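K.L.:
give me the fold of what follows.
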Amino acid sequence: MSTADGTSNVIPTQCSALRKGGHVVIKEQPCKIVDMSTSKTGKHGHAKVHMVAINIFNGKKLEDICPSTHNMNVPVINRKELQVIDINDEGLTVMDDSGDTEEFQRSAIKDETFTEMMGHFENEQEFTAIITSAMGTTKIMDCKKIDV
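P.N.:
Next up, the predicted model:
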């Protein structure tokens, strides 16, 4: 898997090197590992790693079992914080440091975050959107008030 600019959006990593709190790709979805356990080597082979993970975009729980010596993909996750300059029922517009703007549809914003942002906007408070990107998906996952 690679992006349009030729960079990969996943990094192969040996299963035994993964840690709780880290990230992994399960069923082609970027996830955060919330629990993992390792079984002992059996009569016929490798120790197995059992992982429980949460999708970073929709919060769904996923599980996977992998031999500890095999590779699993770790998603490349990018986070950026951009100032919100406009928000309405259809979505919002953000601006980066160089003045370039980008629009996000309502569907690309986490529900609780959208409600919080609308409150900040109605109270005329300045705030930033925290944008998370991984494996071709971009979503606004949080916001932060700017203390002036």
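
K.L.:
tell me what the longest strand seen in the chain is packed against?
P.N.:
Counting by DSSP state E, the longest strand found in the chain is strand 77-88. Contacts defined by 3 or more Cβ pairs under 8 Å, 6 or more residues apart in numbering; DSSP states H and E place strand 77-88 against strand 91-95, helix 111-122, strand 127-134. For every residue, glycine as well, the C-beta is placed using N, CA and C.

K.L.:
could I have the CA atoms of the last one written out in PDB?
P.N.:
Included here for strand 127-134 are C-alpha records, laid out as PDB according to Å, rounded to 0.1, in the frame of the first residue of the first chain:
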ATOM      1  CA  PHE A 127     -10.100  27.100  18.400                       C
ATOM      2  CA  THR A 128      -8.200  24.500  16.300                       C
ATOM      3  CA  ALA A 129      -9.300  21.300  14.700                       C
ATOM      4  CA  ILE A 130      -7.100  18.200  15.300                       C
ATOM      5  CA  ILE A 131      -7.000  16.300  12.100                       C
ATOM      6  CA  THR A 132      -6.000  12.600  11.900                       C
ATOM      7  CA  SER A 133      -5.000  10.900   8.700                       C
ATOM      8  CA  ALA A 134      -4.100   7.200   8.200                       C
END
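
K.L.:
so what are the sheet partners of that strand and their directions?
P.N.:
strand 77-88 (antiparallel), strand 137-145 (antiparallel) (DSSP bridges).

K.L.:
show me what it is in contact with.
P.N.:
9, 30, 56-57, 75-84, 92, 94, 104, 113, 117, 120-121, 138-146 (Cβ atoms under 8 Å, 6 or more residues apart in numbering).

K.L.:
report the buried members of those.
P.N.:
Among the contacts of strand 127-134, those classed as buried by 16 or more other Cβ atoms under 10 Å are 9, 30, 56-57, 75-76, 82, 84, 92, 94, 104, 113, 117, 120-121, 139-143.

K.L.:
quick one: the most centrally placed residue in the chain from residue 96, how far?
P.N.:
With distances taken as Cα atoms, centre = their mean, residue 56 lies nearest the centre of the chain, 4.2 Å away. For residue 56, the distance to residue 96 equals 22 Å [Cβ to Cβ, to the nearest Å].

K.L.:
residue 69 now?
P.N.:
43 Å.

K.L.:
what does residue 121 give?
P.N.:
From residue 121 to residue 96 the distance is 19 Å (Cβ to Cβ).
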